[in-house]
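Engineer: A predicted structure for the sequence below; I have some questions about it.
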Amino acid sequence: MLHAVPVEDRPALEPGVVAASVYANGQRLADIDVDDAGAWATRPGHVVWIGLLEPSEALLARVQRQFGLHELAIEDARKAHQRPKLEQYGDCVFIVARTAHMVDGRISFGETHIFVGKGYIVSVRHGASTSYAPVRQRAESCPTVLSHGEDYILYALLDFIVDNYMPVLETVNAEVEEVEDKVVAGELGQSEVMRLYMLRRDLLRLRNAASALVDVCRRVQRVEVRPIEASMQPLFRDVTDHIHRVQDEIDALREVLAFAFEASMMAGQVQQTHISRRLAAWAAILAVPTAVAGIYGMNFEFMPELKWQYGYVVVLGAVTTICLTLYYRLRKSGWL
Amino acid sequence: MLHAVPVEDRPALEPGVVAASVYANGQRLADIDVDDAGAWATRPGHVVWIGLLEPSEALLARVQRQFGLHELAIEDARKAHQRPKLEQYGDCVFIVARTAHMVDGRISFGETHIFVGKGYIVSVRHGASTSYAPVRQRAESCPTVLSHGEDYILYALLDFIVDNYMPVLETVNAEVEEVEDKVVAGELGQSEVMRLYMLRRDLLRLRNAASALVDVCRRVQRVEVRPIEASMQPLFRDVTDHIHRVQDEIDALREVLAFAFEASMMAGQVQQTHISRRLAAWAAILAVPTAVAGIYGMNFEFMPELKWQYGYVVVLGAVTTICLTLYYRLRKSGWL
Amino acid sequence: MLHAVPVEDRPALEPGVVAASVYANGQRLADIDVDDAGAWATRPGHVVWIGLLEPSEALLARVQRQFGLHELAIEDARKAHQRPKLEQYGDCVFIVARTAHMVDGRISFGETHIFVGKGYIVSVRHGASTSYAPVRQRAESCPTVLSHGEDYILYALLDFIVDNYMPVLETVNAEVEEVEDKVVAGELGQSEVMRLYMLRRDLLRLRNAASALVDVCRRVQRVEVRPIEASMQPLFRDVTDHIHRVQDEIDALREVLAFAFEASMMAGQVQQTHISRRLAAWAAILAVPTAVAGIYGMNFEFMPELKWQYGYVVVLGAVTTICLTLYYRLRKSGWL
Amino acid sequence: MLHAVPVEDRPALEPGVVAASVYANGQRLADIDVDDAGAWATRPGHVVWIGLLEPSEALLARVQRQFGLHELAIEDARKAHQRPKLEQYGDCVFIVARTAHMVDGRISFGETHIFVGKGYIVSVRHGASTSYAPVRQRAESCPTVLSHGEDYILYALLDFIVDNYMPVLETVNAEVEEVEDKVVAGELGQSEVMRLYMLRRDLLRLRNAASALVDVCRRVQRVEVRPIEASMQPLFRDVTDHIHRVQDEIDALREVLAFAFEASMMAGQVQQTHISRRLAAWAAILAVPTAVAGIYGMNFEFMPELKWQYGYVVVLGAVTTICLTLYYRLRKSGWL
Amino acid sequence: MLHAVPVEDRPALEPGVVAASVYANGQRLADIDVDDAGAWATRPGHVVWIGLLEPSEALLARVQRQFGLHELAIEDARKAHQRPKLEQYGDCVFIVARTAHMVDGRISFGETHIFVGKGYIVSVRHGASTSYAPVRQRAESCPTVLSHGEDYILYALLDFIVDNYMPVLETVNAEVEEVEDKVVAGELGQSEVMRLYMLRRDLLRLRNAASALVDVCRRVQRVEVRPIEASMQPLFRDVTDHIHRVQDEIDALREVLAFAFEASMMAGQVQQTHISRRLAAWAAILAVPTAVAGIYGMNFEFMPELKWQYGYVVVLGAVTTICLTLYYRLRKSGWL
Ligand SMILES: [Mg+2]
Ligand SMILES: [Mg+2]
Ligand SMILES: [Mg+2]
Ligand SMILES: [Mg+2]
Ligand SMILES: [Mg+2]
Ligand SMILES: [Mg+2]
Ligand SMILES: [Mg+2]
Ligand SMILES: [Mg+2]
Ligand SMILES: [Mg+2]
Ligand SMILES: [Mg+2]
Ligand SMILES: [Mg+2]
Ligand SMILES: [Mg+2]
Ligand SMILES: [Mg+2]
Ligand SMILES: [Mg+2]
Ligand SMILES: [Mg+2]
Ligand SMILES: [Mg+2]
Ligand SMILES: [Mg+2]
Ligand SMILES: [Mg+2]
Ligand SMILES: [Mg+2]
Ligand SMILES: [Mg+2]
Ligand SMILES: [Mg+2]
Ligand SMILES: [Mg+2]
Ligand SMILES: [Mg+2]
Ligand SMILES: [Mg+2]
Ligand SMILES: [Mg+2]
Ligand SMILES: [Mg+2]
Ligand SMILES: [Mg+2]
Ligand SMILES: [Mg+2]
Ligand SMILES: [Mg+2]
Ligand SMILES: [Mg+2]
Ligand SMILES: [Mg+2]
């Protein structure tokens, strides 16, 4: 007979196991041992929910034995860096999702693998993903919906993953707007170029993660071997819609950054033309005293002007007049 | 029994409610209370039309109760910034549309959420959208079409939203042409770069809003659970066609701005080459007097030319001749 | 009874009506009054063909009444600037096509709206489109094909519209080749940039018009409510094929202009590098006499070289030698 | 009765006809007259194969009469510059293909039109296409396959056309590699820009021709009115596969040229930055003697340094020291 | 009777044959002669596995005779440089795959052609591909799976080919990151441009190879004439998934390199603007002593300042003050 640990004195969990409970009628019945999970899952109306965090191979193998999970799915769950996807093995659905959240102002990606089958759901977290404890609390506080079993838990997990993208998007959005202001003001320096580049890279990875998640969410609604309950369909559609919105906004931000690149190239060219013109204008103005001084600095014996009483004053005056005239004309024509 | 307020003494509406009326046979029967709306909607041949403007949660909840609206749709209607879309919940169709109009020379976006079901239509406005009073007036002045019920009202709302895009497009069009003239004239400065950038951003958002609306309009024609009356189909096709034209023109404008960017880069390069050449040409001309004056400014004791009577005049003449020759040759070759 | 005007004394047509005739057995039976058109159209084996040019609202309304044309189609026909499209209203097909022809060396766009139904065809021209008189003449000279009725007339109109695109394409082609020659020769100035820009805009509009026409032509072959006679199908396929070729060539020209832009940027950069190098090379050469002359122009009392008999000649010789050596080395390395 | 010319004394062919023979059981039975072709074609087990080269209208009309070819196909065959395509007119298949081969180091395009029907195949060559004599020889040397009739001849023609693209591709490939080497070495001059531009144009046209041919080859396998014999299907699939490979390689080359453009822009920019820096560095070094010489060239009466015995030597030494120090520091920082 | 060589004394293989064995019940029964292969293959439960390496035409012809391979497939297998593809000839599936692995730090591509039919599998290696010995060892060590026959061997080969892409991808990834660091640091020189260019070319070829392999893997799951056993399907799906991940990462790297190009253009422009400004600023500072020294170097007789006792000191002081003021103001404004 299965040993049901009463909820109140929940045992210390073994390493790699974040939670392992069985639910019935929308309420947690007991915290269980991983090795009893398979037996609990077969009881009608009972759902086993196991959460693993970077589990050892041995632990994964024990979970695999409990629910008869497919070897290839277990292989994927063992190594992270899988492609986000939804795979069906017999009547078990295997989902790989990329998670995103902010850590110290930079986007941090993690991976969650989910196994859903009749009477059980197993989540495996890799890397910098947030704990799913809030999902568990929310689910346990709504017995009505939780009584829909593994479908509801799957929805709650996906919804949580998708919701976590929102603050990431907002942060990136704010950064884009900051860079954008610099571009428009023509104040782009080496460090802004670097920031723009990092933003584009981050957005690329974010988009790849989000767009794969859109696919996963869409396909989860149409899994043939384990059809989602009709009454749960709107929930999954809502999650799909939210991740779709994330993807739309990422695409818009990506296009905005492409515009910013082009605008910065234009602004840079405008600026260079401006500098070239100013340089040319000043060179022209300075050429006058240089040429004149050069000429009257020559040592010819017979240069009548050098003998004139007011030669120096006249020359200085003429040079100044020409320079000022040049200055005003260049100023008027926009070169200065 | 339902309390029907005679049309002539329309009651002061509660905050958040812009209009709440019941129609039958294409005519307004009465202004009603939100809490009676559900009962009126079930009467055969009666249509309830409620218009809300940034309603409170409580008000939305009361409307939800009247028509049994789905929790997820209500959640979307509560927070703006939803993705334009068409969603079906049971026999209720939920539409999110982005609206656009000009406010102080800048495009201002708003959101309208519409719930349509058997016997009722509810619109919820968020942000800078125009009032739908003109739609109501137009509908009430055409009893024949209004007698088609909620389908016609839905059409009238979508048609109004789409028509409002036209003046926005015209304004943007005019701005594009202005920037275009500057680009072609090569008169692009920092402020034009900024304007071009802002135009591209605005067009991006406009296109995202319009293209999502194209999808919504297309799908509204093919909703399965609440099929549009056959005789109304051409009306919806016409709206789809109009928003499609808006989208086509936005796409053309976007491409035009991309051309303008490239043309401006070319024009800028042509200009820089021109300036470099002029600079080089003037430098060449000025190098002559500088070199000659330098040589005859040296203090060697034995420089025979310095003793010549006409040394100075000859040198001045030679320098002038060389400079003029250079000038004409550079002019002829297009460098000056 | 209908009043049939004998063909020989064709009456003066009312304003806005270019032609209004009835055909039977492939021959023009009579010129008719717009207000009799509906009655003629219902006679078996008879086809009414009406050509309008920017008709008044009243005239359009009369035509509408004759054939029971749909309100929305009439609305579109009233205002030009519609999207090219094919719309079905009951058993009437409504087509909007954009026409293109050359006026004073610039592409001029017009619009033609066509209504085709059982026994009638109505064309409405807007803007700078060519008269359809040649279509009428050609049709009337081929009784055999004209006896196929409105299908044949529709084909003849579309074929004429498509054929008119060909000379436009050839003109644009010639212009592209001219600009291309300048780009390749590196002779691009401000006016060529402007021309390239205008060409790209024109091609964009031409492509939008042509590609929409491809859609219209394709769909006309598959209209369900008024299927095209099987024997006429190859004719429509031929028109589709021709407009498709126009579109293919426009796309190729567009790509060619994009290449030309990139080639011009490269050529410009090559040129600037060339100018920078020459400038640097000349500056280096000129630096020698400048530095030397500066040094011997100093007024120190004890500068032994200044006293030497051949100081001046030696210095002049040394400077010349160094300058020539520099010149030949820079020349060899491609900087001059 | 038909007049069968014995194969050995083949008559002089009329102008425009390259070959006209009848085949049975995989062997050439006789060379025939164009005007007998139709009759021969109807004999069971006989196939007429006619090759035309830029035929006159009259000759085309005679061929048309023999096999009842469709007017629109004949019209296309009359004028070259058709779009590559496959068209079905009754039980006759009409194919337009673009051919490519090298003439004097440049790609030369031609056009071949093919009519295939029950018992006959007619090819019409336009422009710079290669003779199909080798196809005829190969076919005649394989009686077994030739006995499959017109299907095999069609395959042999298409295979020959596709095989002719290969050497063209190889030539272009070699040219791309050459330009690529220059780009990577940063040795791009005006003539390389021109060559790169011409290559891109040629590749564009080649791709358009090849990609249209892919379509034609694919559709020939699925012609409904004259289905290809099952045993011939792999042959046609093989041709499709080969032209597909040509298209894949063209696409790769196009992308490579786009990369080369971008790399050349980067290399050019790197080079310009390099030149600007060197120019600036030399200007800085030369500014030292210029400034010093200028100061000691002033004519003030009271400049104590000028009187010093070693003033000149000290100044020269100081200037040299500063210049050398500058030189080494700039060299170390990569500016020289 | 077939001559079965006992496994222990495996005969020296003929040139071009890497391995030729027959398997039954998941175990190697014997090494066989190529000319007996056909007979072994027809025995129920027996699978012949032949590995060829750049075989001679004669050897290929013998293999062809044994299994009745299609002439066109053999032609492809003879010449390498085929397009990756899956082709069906009767009940034989022919696969062309491109292989990739690292040789001396550069990607090296090879080609493998596979023939799979009832009871046999033949692999033909061309170019720089890795030996399939490890595949053979792995298969032979798993009798259970090997007992699935040719399907399993096909899977093992494809899995090995796909797994070999991974280290290639990692190497490229590391190189991209290196170049990226240089771009972001603005340290891009001619050699980095060249490396970036080579990376893009390599990635293009890698992507073409991988994306064609995705197609092949997908289609292998849906081959109609020789359906894959249901229990083997997940294995093939897993291979498809892995090559798909490779393709996704290549696409991401390609986009990253495009960003790097744009960032480097921006950084280059920022740098040039910076240099231009510094150059201009120094020119402005140096213009002061030059102009002043020029003026006081003129030889006018009546220049009162030249007679002043402190003229020289005052002028030197004034020049120094102006220069320092300029320096600090330019520094503050970011030009220095
Ligand atoms: Mg959510
Ligand atoms: Mg990804
Ligand atoms: Mg992805
Ligand atoms: Mg994806
Ligand atoms: Mg939602
Ligand atoms: Mg969404
Ligand atoms: Mg409207
Ligand atoms: Mg949007
Ligand atoms: Mg959107
Ligand atoms: Mg869209
Ligand atoms: Mg309309
Ligand atoms: Mg539209
Ligand atoms: Mg660009
Ligand atoms: Mg035509
Ligand atoms: Mg359009
Ligand atoms: Mg258009
Ligand atoms: Mg279009
Ligand atoms: Mg044609
Ligand atoms: Mg075409
Ligand atoms: Mg071939
Ligand atoms: Mg083509
Ligand atoms: Mg094409
Ligand atoms: Mg082949
Ligand atoms: Mg293709
Ligand atoms: Mg191919
Ligand atoms: Mg680019
Ligand atoms: Mg693997
Ligand atoms: Mg590919
Ligand atoms: Mg490939
Ligand atoms: Mg896997
Ligand atoms: Mg992949």
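Structural biologist: Nice, thanks for sending it over. Ligands and ions are numbered 1, 2, ... in the order given.
Engineer: excluding chain neighbours, what is closest to A:Y89?
Structural biologist: A:H70 (3.5 Å; CB to CB, 6 or more residues apart in numbering or on different chains). Just so you know, the C-beta spots here come from the backbone N, C-alpha and C atoms, and that holds for glycine as well.
Engineer: the one you found: how many residues sit nearby?
Structural biologist: Neighbour count for A:H70, taken as other CB atoms under 10 Å in any protein chain shown: 18.
Engineer: and stretch A:266-278, is it in reach of chain D?
Structural biologist: No - Stretch A:266-278 lies apart from chain D when judged by CB under 8 Å from any CB of the partner chain; the minimum separation is 10.8 Å.
Engineer: distance between that stretch and the chain's centre?
Structural biologist: 35 Å (CA atoms, centre = their mean, to the nearest Å).
Engineer: pull the CA atoms of it into PDB?
Structural biologist: This file holds the C-alpha atoms of stretch A:266-278, laid out as PDB (Å, rounded to 0.1, in the frame of the first residue of the first chain):
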ATOM      1  CA  MET A 266      22.700  59.300 -41.600                       C
ATOM      2  CA  ALA A 267      23.300  61.500 -38.500                       C
ATOM      3  CA  GLY A 268      27.000  60.500 -38.600                       C
ATOM      4  CA  GLN A 269      27.300  61.400 -42.300                       C
ATOM      5  CA  VAL A 270      25.500  64.700 -41.700                       C
ATOM      6  CA  GLN A 271      27.900  65.400 -38.900                       C
ATOM      7  CA  GLN A 272      31.000  64.500 -40.900                       C
ATOM      8  CA  THR A 273      29.900  66.700 -43.800                       C
ATOM      9  CA  HIS A 274      29.300  69.500 -41.300                       C
ATOM     10  CA  ILE A 275      32.800  69.100 -39.800                       C
ATOM     11  CA  SER A 276      34.400  68.900 -43.300                       C
ATOM     12  CA  ARG A 277      32.700  72.100 -44.300                       C
ATOM     13  CA  ARG A 278      33.800  73.900 -41.100                       C
END
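Engineer: what about it, near chain C?
Structural biologist: No - Stretch A:266-278 lies out of reach of chain C by CB under 8 Å from any CB, never closer than 10.8 Å.
Engineer: state the mean pLDDT of that stretch.
Structural biologist: Mean per-residue pLDDT for stretch A:266-278: 87.
Engineer: residues from the stretch 151-300 of chain A in reach of ligand 9?
Structural biologist: By CB under 5 Å from the ion, the residues of the stretch 151-300 of chain A that approach ligand 9 are A:D248.
Engineer: closest residue of the stretch 151-300 of chain A to ligand 12?
Structural biologist: Of all residues in the stretch 151-300 of chain A, the one sitting closest to ligand 12 is A:D248 (21.9 Å; CB to the ion).
Engineer: where does chain A dip in pLDDT?
Structural biologist: Residue ranges of chain A with pLDDT under 70: A:1-12, A:225.
Engineer: mind listing the strands for the stretch 1-150 of chain A?
Structural biologist: Ranges of strands in the stretch 1-150 of chain A, per DSSP state E, counting those that start in this stretch, are A:5-6, A:17-24, A:27-31, A:46-53, A:85-89, A:92-103, A:106-117, A:120-127.
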